[in-house]
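>>> A predicted structure for the sequence below; I have some questions about it.
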Amino acid sequence: MTTGAFFNTYVTNGKEWNSKMIKAAVLGFGTVGSGVVELFDINRKSVRRRVPEGVEVKYILDLREFPDSPYADRVVHDFNIILDDPEIRVMCETMGGKEPAFTFTKKALERGISVCTSNKELVAAHGPELLRIAKENNCSYLFEASVGGGIPIIRPMNTSLAPEYITRIIGILNGTTNYMMTRMEQEDISFEDVLKQAQDRGYAERNPEADIEGHDACRKIAILSSLMCGKTVRYEDIPCEGISRISMLDVAYARSMGRAIKLLGISERDWQTGTFYVRTAPYMVPASHPLHGVEDVFNAVFVHGNLVDNLMFYGRGAGKFPTASAVVSDMLDCALNIGENIPIRWSDEKMELSDPALNSSRFFVRIPASEKEKASRLFRGYEEVSLASAPADEAAFTTGSMKESSFEDCARQLSEVRKVIRLLED
Ligand SMILES: NC(=O)c1ccc[n+]([C@@H]2O[C@H](COP(=O)([O-])OP(=O)(O)OC[C@H]3O[C@@H](n4cnc5c(N)ncnc54)[C@H](OP(=O)(O)O)[C@@H]3O)[C@@H](O)[C@H]2O)c1
């Protein structure tokens, strides 16, 4: 047995104990949840620097038993054991999905237990309601790990950037699709082959729809957009397109223009006119933009504030310990604020988004070669893009900046449009 400097701390059989230790529970002992439990042991000293009393994970709730785990004695299967233990002051929900995560979170908050989560599905669907319940019960609901995994972005948005008028957020928010686009770009492999590779490496789910159709990135830009305006941006209201229609030919065209295709979540607010556009879609990103160099499973969030100018937050958007690190940092904040609410400005008032047809973009377009003359007359800023490997019957061009609605009007006058991808400006 060894003793520590704080509050008569004892370490017995590797387990730390002192009378003032803050007791926590972990819901879901999977990838992230097991990382949270292990992190408290691995980084015990740095946890102590932040919370001198220390934090002990008293319970782990899961469906399964973990007989070979050193934490087997903490595993429980009945949520009421956690709820009815008055010692529990902090909980992390790393089960995922909406139910029973929502019910458990709500019940814990109603008992004054602070909850920290990596569950973006739940945060995007019920964030403001859970924040309100937390406030009413003098506890906190924190969700740093729900966007960008280990990248600190929620806390900076909520605190460091509070005095700013944030006008633009552009995020590479899904590691799976960024990995896929990087491999297509660098190794010339087809979408189908790269998806299989991502699944074999454990980056993509067996059912990859949420990633490749953009739903995951859409939920995350909905959360960031809500924090940007303090109201609720519903992800169902955001135009959402994934990468499933991106071909090797599109990637080759982008490369010939010095660009790379990335799935982006974009949120743009004009604070004077009140317009607010949000979109999830693949974009051709120029080499001069900081997001161009974000490769493989990495995520990044580019933020523009009216005073601070451009910022970029970059790091691992997923993975056991990067994500657990963000969850634990929230748990430590809650441990330091027992009996108090850590405010996050996000009300359940619905934010009306502007009509996306009125937003302006530049576009990359592929058409049959026979339509070239007509297209050059129709589209403002028409500029041909040539590619040696392109099919002989095809032409491609970029447009100048034009409203989505004007673009649609022009495109309707062509006999066929094979592909349209937006261009991100510098
Ligand atoms: N993995 C990442 O890198 C990452 C990154 C950022 C955010 N997230 C988010 O974090 C959350 C957790 O992800 P994960 O990858 O850790 O998932 P996971 O590995 O599937 O872990 C979830 C755990 O919760 C358990 N569980 C499910 N339903 C339960 C219930 N009703 N009661 C008790 N336990 C239950 C599961 O048990 P069974 O296995 O028996 O079902 C599993 O052990 C998700 O919302 C995910 O989107 C994950």
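Good, I have the coordinates. Numbers count the residues shown, from 1 in each chain.
>>> mean confidence for stretch 265-285?
Averaging the model's pLDDT scores along stretch 265-285 yields 96.
>>> endpoints of that stretch, how far apart?
13 Å (CA to CA, to the nearest Å).
>>> what's the spacing between that stretch and its chain's center?
Taking the mean of its C-alpha atoms, stretch 265-285 sits 16 Å from the chain's own mean (CA atoms, centre = their mean, to the nearest Å).
>>> quick one: buried residues of that stretch?
By neighbour count with 16 or more other CB atoms under 10 Å, stretch 265-285 contains the buried residues 265-269, 276-285. Any C-beta I mention is one placed from the backbone N, CA and C, and that applies to glycine too.
>>> closest to Q199 among those residues?
When these are compared for distance to Q199 (CB to CB), P282 comes out closest, at 20.0 Å.
>>> what about that closest one, helix or strand, and which?
Element membership of P282 [criterion: DSSP states H and E] is strand 276-286.
>>> average pLDDT for the host helix or strand of D409?
Under the criterion DSSP H and E, the helix or strand holding D409 is helix 404-411. Along helix 404-411, the predicted local confidence has a mean pLDDT of 98.
>>> elements contacting it?
Counting contacts by 3 or more CB pairs under 8 Å, 6 or more residues apart in numbering; DSSP states H and E, helix 404-411 packs against strand 360-368.
>>> and the strand it packs on, how far from the chain's centre?
On the basis of CA atoms, centre = their mean, the separation between the geometric centre of strand 360-368 and that of its chain is 28 Å.
>>> three-state assignment of Q272?
Reduced to three states with DSSP: H, G, I helix; E, B strand; the rest coil, the structure at Q272 is coil.
>>> give me the phi and psi for the residue nearest to L249 when sequence neighbours are not counted.
On the basis of CB to CB, 6 or more residues apart in numbering, the spatially nearest residue to L249 that is not a chain neighbour turns out to be A390, at 6.9 Å. Here is the backbone geometry of A390 (degrees, to the nearest 10): phi -70, psi 150.
>>> for A390, what are its contacts?
Taking CB atoms under 8 Å, 6 or more residues apart in numbering as the definition of contact, the neighbours of A390 are 249, 252-253, 396.
>>> now, which of those residues sits nearest P343?
Within the contacts of A390, proximity to P343 (CB to CB) peaks at Y253, which comes in at 47.1 Å.
>>> report the separation between that closest one and the ligand.
Computed with CB to the nearest ligand atom, to the nearest Å, the distance linking Y253 and the ligand is 32 Å.
>>> just the buried residues of the helix or strand harbouring S46, please?
Applying DSSP H and E as the criterion places S46 in helix 44-50. Judged by neighbour count using 16+ other CB under 10 Å, the buried positions of helix 44-50 are 47-48.
>>> over to stretch 404-424?
Buried residues in stretch 404-424, counting neighbours by 16+ other CB under 10 Å, are found at 404, 406-407, 410-411, 414, 417-424.
>>> before we move on, what SS does the residue of the stretch 301-426 of the chain found nearest the ligand have?
Ranked by CB to the nearest ligand atom, the top residue of the stretch 301-426 of the chain for proximity to the ligand is A318, at 3.3 Å. Using three-state DSSP, the structure places A318 in coil.
>>> hang on, it packs against G148?
No - under the contact definition of CB atoms under 8 Å, A318 does not touch G148, with a separation of 9.0 Å.
>>> who has more neighbours out of these two?
Set side by side, A318 and G148 give different neighbour counts by other CB atoms under 10 Å, the larger being at G148 (30 against 20).
>>> what strand or helix carries that one?
Secondary structure here is read from DSSP H and E; on that basis G148 sits in neither a helix nor a strand.
>>> and it, what does it touch?
G148 makes contact with 171, 173, 220, 299, 301, 313, 315, 317 under the criterion CB under 8 Å, 6+ apart.
>>> any idea how far it is from the ligand?
Between G148 and the ligand the distance, using CB to the nearest ligand atom, works out to 8 Å.
>>> confidence score at that residue?
Confidence per residue is given as pLDDT, and for G148 that number is 96.
>>> now the phi/psi pair for it, please.
Backbone phi and psi, for G148 under degrees, to the nearest 10, turn out to be phi 70, psi 20.
>>> out of the buried residues of stretch 265-285, which is nearest to the ligand?
Using CB to the nearest ligand atom, the shortest approach to the ligand within those belongs to G265, at 15.1 Å.
>>> and what about that closest one, helix, strand or coil?
With three-state DSSP as the basis, G265 sits in strand.
>>> so which residue is dead centre in this protein?
Residue closest to the average C-alpha location in the chain (CA atoms, centre = their mean): V147, at 3.0 Å.
>>> pretty sure that one is touching L173, no?
Yes - here V147 reaches L173: they are 6.6 Å apart, a contact under CB under 8 Å.
>>> any common contacting residues for these two?
Between them, V147 and L173 share the neighbouring residues 220, 301, with contact defined by CB under 8 Å, 6+ apart.
>>> verify the contact between E404 and A357 for me.
Yes - E404 sits in contact with A357 when judged by CB under 8 Å, with a separation of 4.8 Å.
>>> make CSV from the contacts of G148 and add neighbour count and pLDDT to it.
Compiled in CSV, the contacts of G148 are given as follows (neighbours: other CB atoms under 10 Å; pLDDT from 0 to 100):
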residue, neighbour count, pLDDT
G171, 29, 98
L173, 31, 98
K220, 26, 98
N299, 26, 98
V301, 28, 98
F313, 17, 98
G315, 18, 97
G317, 27, 92
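>>> go through the residues you listed and flag which are in helices.
Counting by DSSP state H, the part of those found in helices is K220.
>>> let me know the closest of the buried residues of stretch 265-285 to V57.
The closest of the buried residues of stretch 265-285, once distances to V57 are taken by CB to CB, is G265, at 33.1 Å.
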